[in-house]
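# Sequence first, predicted coordinates after that:
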Amino acid sequence: MKSYDLRCPICGTVNRGLYLEETDGWMECEKCGNVTQSMEHRHTVLIPLILKTQSRSDNKNLDRIAVGI
């Protein structure tokens, strides 16, 4: 597993040897103790957004996908 050196966004201390992949990017600073998440190492999921301005026919296909028809 790869380790990373990351600067604390609160106090600026460089924290060395962090395993950010197993913690989903979360780290606790060795100096100030604040817990932060690195945006570069977190896992994100895209969620589709349905706007009211879309027509009903567009939403119909999404409804079928959502219920598994």
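Arrived safely, thanks for sending. Residues are numbered from 1 along each chain as shown.
# switch to C-alpha atoms for all contacts and neighbour counts from now on
Fine.
# can you give me the strands in this structure?
Remark: strands assigned in the chain by DSSP state E are 4-7, 14-18, 26-28, 35-37.
# buried set for the longest one?
So the one you mean is strand 14-18. Asn15, Leu18 (16 or more other CA atoms under 10 Å).
# Mind listing the residues bridging to Asp36?
Small correction: residue 36 is Thr, not Asp. On the basis of DSSP bridges, Thr36 is bridged to Met27.
# residues contacting it?
Cys8, Pro9, Trp26, Met27, Glu28 (CA atoms under 8 Å, 6 or more residues apart in numbering).
# Also Pro48?
By CA under 8 Å, 6+ apart, Pro48 has no neighbours at all.
# of the contacts of Thr36, closest to Leu46?
Nearest to Leu46 among the contacts of Thr36 is Trp26, at 20.1 Å by CA to CA.
# returning to that earlier point: got a winner among the contacts of Thr36 for most neighbours?
Cys8 (22 neighbours; other CA atoms under 10 Å).
# What pLDDT is listed against Ala66?
For Ala66, the pLDDT comes out at 51.
# go on, the one 3 residues further on?
The per-residue pLDDT reported for Ile69 equals 40.
# related to what we said a few turns ago, tabulate the strands of the chain (TSV), appending mean pLDDT and distance to Pro48.
Listed next are those as TSV, based on pLDDT from 0 to 100; distance: least, CA to CA, whole Å:
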stretch	mean pLDDT	distance to Pro48
strand 4-7	92	32
strand 14-18	94	33
strand 26-28	94	26
strand 35-37	94	24
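# any chance of these in TSV, with distance to Leu46 too?
Listed next are the strands of the chain as TSV, based on distance: least, CA to CA, whole Å:
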stretch	distance to Leu46
strand 4-7	26
strand 14-18	27
strand 26-28	20
strand 35-37	19
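# Just give me the closest of the contacts of Thr36 to Glu40.
Using CA to CA, the contacts of Thr36 come closest to Glu40 at Trp26, 10.6 Å.
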